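Undergrad: I'll drop the sequence and a predicted model, then ask my questions.
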Amino acid sequence: MIITNRKGFVLPIVVFALAIMTVVAATVLSTSNDERRTSRATRESTLAMYAAEAGLRRTYGSWPAGAANLTPGDSLDLGWQQLPNKAAYRAVIHRVDPGGLQEYAVIVQGRRTDPTAGIMTIVGNAGGVPVFRNAVSADSTVYLDNGGLFDGYDSDRGAYVAASADSTANLRGGVSVYVAQTFVKGDASATGTVSFGASGTVTGAVTSNVPATPPNDILPCPGAGFTPAAKVPGGAGISYNSATGVLTVNGGLTTLTLTDTAYYFSSIVITNNAKIVFPGTQRASVILRDSLNASGGKIVNQSNYPPALGFSSCGTSATPAYWSLSSGASPAYFSVYAPNHVVYELGGGDFYGAVVAWIYYATGGGRFHYDAALSRLPSKRIDVQKGSWAQLPGS
């Protein structure tokens, strides 16, 4: 029989086992710490993303007035803003359009105060809402019974050519649209009903009961008073009172030439084939508190470019008279924005532009040519572009 001496064998086994257990324990602890750090970093990154999202919503909800002063290529840095739960965001608004209807990229960084947290960056887009997206928009009724024509073109692409006129002369009524004795190359829609009389034709979609949209904004009147008399040349047949803001141009040989870019009157009355001429070298904006009556005269935009001349109403008039337009032997090229007035188109000639009114009547047998270039004019109403949210890579 062979007897082996096993004294001292157990101790090395125990030491080896303890070493293995120590390594395993250290590995477990290290892994646990890594998981905690990873979990915390993920949590903080998520909270940073939430901070950026909150900042984007806040920026949209409290759109800064200074953004309206940005020119294409400019930026507005709103700085770091604090949020609850130890979070903060920084928003920078970039104007990215080449000029015209505004387009903004809103870059927002979100972060937490924890040293393990990074910065998450997201971008959203907002843009101007076109004022003249339709040939005629009325918060109440569009009423056509004129034996005329409505069609469209784009003056930025060239002059109007009847043979190639397009079907963009869309009509939109906040209550109703009525078409008789008129050929409309475009769509017609109304919150209420679209109806037809004899010889009324709409070539595009006809849609009743569309969802209501917010009424058009009524612009505030300038606070500095009516246009000074020095900016309105005098002469035979021309009468202007800068205290009341009433401008009258009367007489077949009477011509008033207005060369400035901004005017504010109470009312304009043109009678007996007189005319007001705008050279059209720069965009001219004419704001009226009460009324425009050009049924007996002419408004001449020498550029033949509708975006170069616009007439707008302002405030709540004490004498809310209707606006009367006339397109006779001389074509008219301008836009009209009068959401708190009834606008009549009485002429039998050609009108190039677009109209926003409370109620719009066309009864003169004229030809209305909607200029799509007007839809690209700057707008005071800004809206979020849906589906534009994105996370920037590398943030």
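TA: Received, thanks.

Undergrad: what about the closest residue to residue 380 other than its chain neighbours, distance to residue 382?
TA: Using CB to CB, 6 or more residues apart in numbering and skipping the chain neighbours, the partner closest in space to residue 380 is residue 217 (6.7 Å). Yep, even glycine has a C-beta here, placed from its N, CA and C like the rest. The spacing between residue 217 and residue 382, counted by CB to CB, to the nearest Å, is 12 Å.

Undergrad: higher neighbour count, those two?
TA: It is residue 382, of residue 217 and residue 382, that has more neighbours when counted by other CB atoms under 10 Å, with 15 against 12.

Undergrad: tell me who's in contact with the residue most central in space within the chain.
TA: By CA atoms, centre = their mean, the chain has its centre lying nearest to residue 129, at 2.0 Å. Residues near residue 129 by CB atoms under 8 Å, 6 or more residues apart in numbering: 379, 381, 382, 383.

Undergrad: redo that, cut-off 7 Å
TA: Neighbouring residues of residue 129 by CB atoms under 7 Å, 6 or more residues apart in numbering: 379, 381, 383.

Undergrad: what sits against the closest residue to it other than its chain neighbours?
TA: Nearest non-adjacent residue to residue 129, counting by CB to CB, 6+ apart: residue 381, 4.2 Å away. If a contact means CB under 7 Å, 6+ apart, then residue 381 has 128, 129, 217 as its contacts.

Undergrad: can you redo the residues you listed as CSV with distance to residue 151 and pLDDT?
TA: Formatted as CSV, the contacts of residue 381 follow (distance: CB to CB, whole Å; pLDDT from 0 to 100):
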residue, distance to residue 151, pLDDT
128, 25, 92
129, 24, 93
217, 28, 92
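
Undergrad: from those residues, which ones fall inside strands?
TA: Among the contacts of residue 381, the ones falling in strands (DSSP state E) are residue 128.

Undergrad: separation between the residue nearest to residue 380 and residue 155?
TA: If you go by CB to CB, the gap between residue 217 and residue 155 works out to 25 Å.

Undergrad: and residue 292, by the same measure?
TA: Residue 292 is 22 Å from residue 155, by CB to CB.

Undergrad: what does residue 363 give?
TA: 26 Å.

Undergrad: between those two, tell me which one has more neighbours.
TA: Per other CB under 10 Å, whichever of residue 363 and residue 155 has more neighbours is residue 155, with 21 against 17.

Undergrad: mind listing what that one touches?
TA: Shown in contact with residue 155 (CB under 7 Å, 6+ apart): 305, 306, 371, 373.

Undergrad: distance of it relative to residue 226?
TA: Taking CB to CB, one finds residue 155 at 31 Å from residue 226.

Undergrad: OK, contacts around residue 328?
TA: Contacts of residue 328 by CB under 7 Å, 6+ apart are 347, 348, 349.

Undergrad: tell me where the stretch 101-250 of the chain has strands.
TA: Using DSSP state E, counting those that start in this stretch, the strands found in the stretch 101-250 of the chain span residues 103-112, 119-128, 136-145, 149-153, 171-173, 176-180, 183-184, 188-190, 193-196, 201-202, 206-207, 238-241, 246-250.
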